[in-house]
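Student: Turn this into a structure:
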Amino acid sequence: MTVADEPQEGLGARLRPYALTGGRTRPVADLPLETLIRTTPQGESAVPRLVLEHKAIATMCTAPLSVAEISAHLRVPLGVVRVLVGDMAAQGLLATNQPQSTSNDRPDIKLLERVLNGLQAL
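Tutor: Next comes the predicted model:
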């Protein structure tokens with residue numbers, strides 16, 4: 001089977017993450033998966049003008065969600081969500097709250113346990 005013979009749905013599924021991020025694989029800011037994201041007042045007012053994925057992120061983040069939770073809700077790869085959220089944060093549409101690090105520059109274990117429990121509850 002050649003690429004031309006594949007169903008359009010399969011081909012679109014492979015191209016979609018690339019199209020969503022404009023081909024970028026790195027976010028504009030470092031966003032660990034446990035970073036909490038919340039829509040800013042500017043983001044809330046911009047919702048009607050946003051494209052689909054941005055609109056979904058802004059709508060779901062009226063209450064804080066982690067980057068990992070956003071990825072799970074949207075069913076989009078984590079790397080893609082990091083790029084999208086990073087772009088939106090740079091535009092002032094989202095606020096990020098990164099967890100406190102311990103002295104050895106590792107995230108707090110209690111926070112990681114809460115994130116894991118939240119993901120398991122999905």
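
Student: mind listing what V28 touches?
Tutor: Neighbouring residues of V28 by C-beta atoms under 8 Å, 6 or more residues apart in numbering: 83, 86-87, 89-90. (C-beta placed from N, C-alpha, C; glycine too.)

Student: How much space separates it from T96?
Tutor: As for V28, its distance to T96 is 11 Å (criterion: C-beta to C-beta, to the nearest Å).

Student: Give me the common contacts of the two.
Tutor: Counting by C-beta under 8 Å, 6+ apart, the common neighbours of V28 and T96 are A89.

Student: Tell me what I37 is bridged to.
Tutor: For I37, the beta-bridge partners are L65, T96 (DSSP bridges).

Student: pretty sure it is touching A95, no?
Tutor: Yes: in terms of C-beta atoms under 8 Å, I37 counts as a neighbour of A95; the distance is 7.3 Å.

Student: Which one's more surrounded, those two?
Tutor: For I37 versus A95, neighbours defined as other C-beta atoms under 10 Å are more numerous around I37 (23 against 17).

Student: what residues do I37 and A95 have in common as contacts?
Tutor: The overlap between the contact sets of I37 and A95 (C-beta under 8 Å, 6+ apart) consists of A89.
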